[in-house]
Each structure stands twice: as structure tokens, then as C-alpha cells.
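> dropping the sequence and predicted coords here.
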Amino acid sequence: MVCEAQEMLRRVRLLDGALGTTPLCHLIVLSALVPAAASLRERAERLFVRIPLVIAAGDMETMPERERLIDAARMTLGNGEPETALPTDGVRIAGLIDSDRVEALIAEVHSSPLGSVNPWILCAELLGTSIEYHGARCEVLEPYRRRLLDRLAAFADQSPQIFVRWLVNGEERELDERLAAVLDALRGAAALASRAP
């Protein structure tokens, strides 16, 4: 994903407001930083501002949103073009994708119940591992991605209701700390990129 510096700063401000509230904030991170997750972004943001935060599995997604996610994930896999040069005022989230793993997840998403964790595991697999900007690279995203995948995978064999209960009531201090480091890095990268000549 490539963003102009000002757009990345806008996304970071959104994520700053969600940080440390409930694990739902990590779904907002995925929807903001993974282009394939765009179909789920508005829904995740709407759920986050719901007061009181009461979510049912059926609130998490619809079949059309799921199909758009699957199509976007397949397009990501099919995009074998080399990376284009990063504009001087741009920030890129980059990383290698395990195509076999993503294909297997697409098959699981097709057959899993609506509201399950599987679409979000797919999004996390598509999240990059590094932040590139103005001739520099930062790898702080990789530890966050790894921890997020571990936590989401813990719900792979659970019902959507258990996953939703975690999203609303869970506490993830280590994950939140890693996300805070990612947001600091994105903020710094965007600030430097915005000042590039």
C-alpha cells in the first residue's frame, strides 16, 4: 500500500483514537492499512463508535463484503508487477505475501460462518511487514503483525460469538503496545516524507 504523507497522517490520527480501547481497534487497523480490507473498513469504523459497544456476529460483515474481500485478496495475489518507485512524499507498507497461505485462507473464508475470525486472519496475512519512506525502511510492523496473527488464530476454531465477545471485552496490552510503536513509526515516516524536497 502506498499513501501520500498527508493521507497516512490522517489514517494514523484515526487509529490513534482507537488505540487501547478494545481489541476491535485492531480490526480498524487492518481495514485502514490493508487495501484488500477496504470493503470492511466502513463497517469496522461504524461498530467502533457504537455506544454501548454491543456487537453480534451478524454485525461483523455481509456476504457481499466478504466476496469483495476475497476478490481483492485474489487481485493482490495476482499482482505480480514489480514495485514502482515510491514518491518522495509517500509512505509504503510493504512485505512478502505467502500465496499458499492466502489461498488456503480464501478457501476457509468461503466456507466459514459470517462473523467468524477468518476474514480478519486473511486481512492480517495481507498486512505488510515494513514501512518505507524517503529512502528509509522500518521493520516495526512485523512484530505487530506476527502477534496479531497469533491472537486472531486463537479464535479460528471458536464460534463467531466467542470471537465477538473478545473484540468487545478483551484486553490486549502487548498487542496495543506493539500497535503504538507502529503508529509512532507511521507518524514519523509521514512527517519526514511530507517535508521531502
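Ah, there it is. Source: prediction; values computed, not measured.
> which parts of stretch 7-20 are buried?
Neighbour-count burial for stretch 7-20, counted by 16 or more other C-beta atoms under 10 Å, picks out 8, 9, 11, 12, 15, 18, 19. Glycine gets a C-beta too; all of them are placed from N, C-alpha and C.
> any idea how far it is from the middle of the chain?
In terms of C-alpha atoms, centre = their mean, to the nearest Å, the centre of stretch 7-20 is found 12 Å from the chain centre.
> same question for that stretch, mean pLDDT?
Mean pLDDT, stretch 7-20: 86.
> likewise stretch 153-171?
94.
> from the chain's centre, how far out does that stretch sit?
On C-alpha atoms, centre = their mean, the centre of stretch 153-171 falls 17 Å from that of its chain.
> and residue 21, which of the three is it?
coil (DSSP: H, G, I helix; E, B strand; the rest coil).
> OK, contacts around the closest residue to it other than its chain neighbours?
Closest residue to residue 21 apart from its sequence neighbours, by C-beta to C-beta, 6 or more residues apart in numbering: residue 48 at 7.7 Å. Going by C-beta atoms under 8 Å, 6 or more residues apart in numbering, residue 48 touches 18, 21, 24, 25, 28.
> columns secondary structure and distance to residue 99 on top of those residues, output as a markdown table?
Conversion of those to a markdown table gives the following (DSSP: H, G, I helix; E, B strand; the rest coil; distance: C-beta to C-beta, whole Å):
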| residue | secondary structure | distance to residue 99 |
| --- | --- | --- |
| 18 | helix | 30 |
| 21 | coil | 34 |
| 24 | helix | 29 |
| 25 | helix | 29 |
| 28 | helix | 26 |
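> farthest pair in those residues?
21 and 28 (9.6 Å; C-beta to C-beta).
> so between the two, which is more surrounded?
residue 28 (23 against 12; other C-beta atoms under 10 Å).
> point to the residue nearest the middle of this structure.
residue 30 (1.3 Å; C-alpha atoms, centre = their mean).
> can you list the buried residues in the lowest-mean-pLDDT helix or strand in the chain?
Every helix and strand of the chain was ranked by mean pLDDT, DSSP states H and E. The lowest is helix 38-48, at a mean of 85. By neighbour count with 16+ other C-beta under 10 Å, helix 38-48 contains the buried residues 39, 40, 41, 43, 44, 47, 48.
> and for stretch 134-150?
Quick answer for stretch 134-150 (16+ other C-beta under 10 Å): 134, 138, 140, 141, 142, 144, 145, 147, 148.
> over to stretch 78-97?
Buried, per 16+ other C-beta under 10 Å, within stretch 78-97: 86, 89, 90, 91, 92, 93, 97.
> out of the residues you listed, who's nearest residue 35?
Distances from residue 35 to the buried residues of stretch 78-97, taken by C-beta to C-beta, are shortest for residue 93, at 9.3 Å.
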